[in-house]
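Participant: pasting the structure only:
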């Protein structure tokens, strides 16, 4: 969330200009953090998380374009708005800045009114972004709270996220698809938050009515996550990770490639993980036995054959490390 007094990081190599910008920001009610170039700015970012970065383009050691690109390529800082200060006619700098991910530009010499308007606009946007991130964090916490209800599934979500992403990488998926898998691994069972513990933790067979309650959790999970646009790519995984290749799954009885790829990946990793970890109704199976059953699930029409082959290759490489996150 924004600092009580918004913190603006300034990267400017000319001392007089840097001092002037600091005074202007203070007069506007902001807290300036002054640095002399991109290198100093990055060092400051390791200590502080400013609400906005205001950077000159032409600086020694690391210029504003490189600074912007570095900030935007780091998952921990990429949501910080970056304003690049350029010369009036520097079209080339603007193009390079856009490619680096700059959020706005300010032409030299700039007017106080223009600076004020641009800062207010971007800080307001940053506030909205922070609120969305906070909402997403709350949903992730809810998902982990569901997992914590069952001592047998400790670390399950993290393993699904880790190994589903690894499978996705081996299939050549892009960063957005891998992000959806990472989130899907954590959030796939969030709908179980509404299932009574008497059903969720039942050691014996479920009744027909109880099975119906359990099978509603993908829809409930989708409903919980749908308001957040950042999770749009993850919704198909949450809804469809219990579909089967033969069309006998739920909730929509999708068949074969009708099932979203991310959901098929999560399903295979989930199936194997359940086999090699303790459950209330049985002890964990040895890996070779679990792999045999995993491949058997292809023959019975449950899982995608190609994905199972990829999961098998991962298992052979990581061995007992598959369950290592349980000890973290």
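Facilitator: Looks like it came in fine. Everything quoted here is computed from the prediction, not taken from an experiment. Residues are numbered from 1 along each chain as shown.

Participant: okay, CA-based contacts and neighbour counts for the rest of this
Facilitator: Will do.

Participant: list the buried ones in the longest helix seen in the chain?
Facilitator: The longest helix of the chain (DSSP state H) is helix 112-149. By neighbour count with 16 or more other CA atoms under 10 Å, helix 112-149 contains the buried residues 115, 119, 122-123, 126, 130, 133, 136, 139-140, 142-144, 146-147.

Participant: count of residues packed around residue 227?
Facilitator: A count of nearby residues for residue 227, using other CA atoms under 10 Å, gives 11.

Participant: and what of residue 252?
Facilitator: 15.

Participant: Now do the lowest-mean-pLDDT helix or strand in the chain: distance to the chain's middle.
Facilitator: Every helix and strand of the chain was ranked by mean pLDDT, DSSP states H and E. The lowest is helix 112-149, at a mean of 77. Between the centre of helix 112-149 and the centre of its chain there are 13 Å (CA atoms, centre = their mean, to the nearest Å).

Participant: And for stretch 291-302?
Facilitator: Put simply, stretch 291-302 sits 30 Å off its chain's centre (CA atoms, centre = their mean).

Participant: contact partners of that stretch?
Facilitator: Outside stretch 291-302, the residues that touch it by CA atoms under 8 Å, 6 or more residues apart in numbering are 244, 245, 246, 268, 271, 272, 303, 304, 305, 308, 312.

Participant: So the residue of the chain most remote from its centre, which state does it fall into?
Facilitator: The centre of the chain is farthest from one residue, residue 16, which by CA atoms, centre = their mean lies 41.1 Å away. Following DSSP: H, G, I helix; E, B strand; the rest coil, residue 16 is assigned to helix.

Participant: Equivalent analysis for residue 105, please.
Facilitator: For residue 105, the assignment made with three-state DSSP gives strand.

Participant: What distance do you get for the nearest residue to it once chain neighbours are set aside to residue 156?
Facilitator: Distances taken as CA to CA, 6 or more residues apart in numbering put residue 84 closest to residue 105, at 4.8 Å, once the chain neighbours are dropped. Distance of residue 84 to residue 156, given as CA to CA, to the nearest Å: 44 Å.

Participant: the more surrounded of these two?
Facilitator: Comparing residue 84 with residue 156 by other CA under 10 Å, the one with more neighbours is residue 84, at 26 against 22.

Participant: got the contact list for the more buried one?
Facilitator: Taking CA under 8 Å, 6+ apart, we find residue 84 in contact with 54, 55, 56, 57, 64, 65, 97, 102, 104, 105, 106.

Participant: Inside helices: which ones of those residues?
Facilitator: Of those, the ones assigned to helices by DSSP H are 64, 65, 97.

Participant: domain parsing for this protein?
Facilitator: What automatic domain parsing lists as the domains of the chain is 7-131, 150-327.

Participant: What count of nearby residues applies to residue 45?
Facilitator: Residue 45 has 15 neighbouring residues, counting by other CA under 10 Å.

Participant: do the same with residue 37
Facilitator: Applying other CA under 10 Å, we find 24 residues neighbouring residue 37.

Participant: thinking again about what came up before, quick one: list the elements packing against the longest helix of the chain.
Facilitator: On a contact count with 3 or more CA pairs under 8 Å, 6 or more residues apart in numbering; DSSP states H and E, helix 112-149 meets helix 156-170, helix 175-187.
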